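here's a sequence, model it:
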Amino acid sequence: MWRKISIVMAGLCTAGLCVTPVTAGPATASQTATHVKVTPEATAKAKAQAQAKPYCAKHKCIALTFDDGPWPYTPELLDTLKKHRAKATFFLLGRKVANRPELTQRIAAEGHEIGNHTWNHPDLTKLPDDEVFSEINSTSDIIYQTIGEAPTMMRPPNGATNAHLAQLMAEMGLPQILWTHSTLDWQARNTKVIAERTLAAAERNAVILLHDIVPETVKAMPGVLTKLEKQGYKFVTITTLLQGRELRGGEIYPPRPKKK
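Down below sits the predicted model:
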């Protein structure tokens, strides 16, 4: 994170640390050394920062994730999220990013996270390796060309993955983001049902699967966000939910329950 730096006559001071420049003259070991004064304020600030808890350790966080866009319904969803100061994670299809670059840019500009959801939404476990690489690379490339940043995570379509796909994603450095709960909104196509399922799935650190290509989902979100806000939830991206933890390429998050 960038820090603001103030320059004063006596030298350079930032975050309570002051560096005094040496006087002009022949360079010697003693003259090239800088003099750093650690103030009590700087020490206290550093201690406070070290003790500060990650956002989701202090707050009741939940991650709403939206797949398969961007789509004509996405602007309405973005308006709702903005009204509630909510952040979400969008797993986008490369071909739709290519068709709607301005909408993709708006998603990023408004502070939401963008993940890779392949170019054409195939079952990656049924493709040869070269086609898997093509699906992922082409999508990462178009996202980078559109917003200037490549995605750092992917979501396999339909959650279809296996050990081999995990190995391929490890080679590409992309963790696999799944979910704790799916609303099956694409199947329900009913605003009331989708709202009820989303509210029932809500719990601290939950990752909920939704689709911004489903108009009923978009219509359900104002009421869902309002009710969850009253329950004390904060709507965050996957990265914020991770609380500083870095996922390995190919790693599945949230981890699937171990089979008994």
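
just the helices in the stretch 151-260 of the chain please.
Assigned by DSSP state H, counting those that start in this stretch, the stretch 151-260 of the chain shows helices spanning 163-172, 185-188, 191-201, 215-230, 238-241.

relative to S140, which of these is closest?
helix 163-172 (8.4 Å; Cβ to Cβ). Glycine gets a C-beta too; all of them are placed from N, C-alpha and C.

from F91, how far out is P157?
9 Å (Cβ to Cβ, to the nearest Å).

what's the overlap in contacts for those two?
H117 (Cβ atoms under 8 Å, 6 or more residues apart in numbering).

show me which of those two is the more surrounded one.
F91 (27 against 20; other Cβ atoms under 10 Å).

that one touches H117, doesn't it?
Yes: counting by Cβ atoms under 8 Å, H117 is a contact partner of F91 at 3.8 Å.

intersection of neighbour lists for the two?
Common neighbours of F91 and H117 (Cβ under 8 Å, 6+ apart) are D67, D68, M154, R155.

tell me the angle the helix ranked longest in the chain makes with helix 163-172.
When the chain is parsed with DSSP state H, its longest helix is helix 129-147. Counting by axes from the mean of the first three to the mean of the last three Cα atoms, to 10 degrees, helix 129-147 lies at 40 degrees to helix 163-172.

other SSEs contacting helix 129-147?
The contact analysis (3 or more Cβ pairs under 8 Å, 6 or more residues apart in numbering; DSSP states H and E) places helix 129-147 against helix 94-99, helix 101-109, strand 113-116, helix 163-172.

of all these, which lies closest to E41?
Nearest of those (Cβ to Cβ): strand 113-116, 34.9 Å.

and the closest one, what does it pack onto?
By 3+ Cβ pairs under 8 Å, 6+ apart, strand 113-116 packs against strand 89-92, helix 101-109, helix 129-147, helix 238-241.

surely G173 meets G249?
Yes: counting by Cβ under 8 Å, G249 is a contact partner of G173 at 4.1 Å.

have a look at these two and say which one is more surrounded.
G249 (18 against 13).

quick one, longest strand in this protein?
Longest strand of the chain, by residue count under DSSP state E: strand 60-67.
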